[in-house]
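Participant: Just the structure for this:
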Amino acid sequence: MWYLYIIQKKDRYYTGITTNIENRLRQHGNQPLLYIENHENKFQAAKREREIKGWSKLKKEELIAKFNKVSLP
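Facilitator: The predicted model follows:
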């Protein structure tokens with residue numbers, strides 16, 4: 001399983017892929033995980049990573065907000 005993730009480092013969003021999310025977050029200094037997706041293989045994860053890296057900061061913020069939205073009854 002491959003993971004695509006977004007964290008925030010200073011004023012920028014960092015998008016990356018990994019097979020070990022816990023280890024990768026530790027390598028980033030335990031920055032909070034803002035967004036995550038599961039992918040079956042590296043090709044799919046890398047394709048999505050390239051797509052998101054091409055987005056504006058606002059579009060990334062919209063994705064993060066949608067992912068973290070809590071539905072209230």
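
Participant: going forward, measure contacts between C-alpha atoms and count neighbours the same way
Facilitator: Noted.

Participant: for the helix or strand of the chain with the lowest mean pLDDT, packing partners?
Facilitator: Ranked by mean pLDDT, DSSP states H and E, the helix or strand of the chain with the weakest confidence is helix 57-67, at a mean of 93. In this structure, helix 57-67 makes packing contacts with strand 33-39, judged by 3 or more C-alpha pairs under 8 Å, 6 or more residues apart in numbering; DSSP states H and E.

Participant: Pull out the buried positions in the strand it packs on.
Facilitator: 34-36, 39 (16 or more other C-alpha atoms under 10 Å).

Participant: tilt between the least confident helix or strand of the chain and strand 33-39?
Facilitator: 80 degrees (axes from the mean of the first three to the mean of the last three C-alpha atoms, to 10 degrees).

Participant: export helix 57-67 as CSV, just CAs?
Facilitator: Backbone C-alpha positions of helix 57-67 (Å, rounded to 0.1, in the frame of the first residue of the first chain) are rendered in CSV as follows:
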residue,chain,number,x,y,z
LYS,A,57,-2.3,26.8,-2.3
LEU,A,58,-6.0,27.6,-2.2
LYS,A,59,-7.0,24.4,-4.0
LYS,A,60,-4.8,22.3,-1.6
GLU,A,61,-6.5,24.1,1.3
GLU,A,62,-9.9,23.2,-0.1
LEU,A,63,-8.9,19.5,-0.4
ILE,A,64,-7.6,19.6,3.2
ALA,A,65,-10.8,21.3,4.5
LYS,A,66,-13.0,18.8,2.7
PHE,A,67,-11.0,15.9,4.1
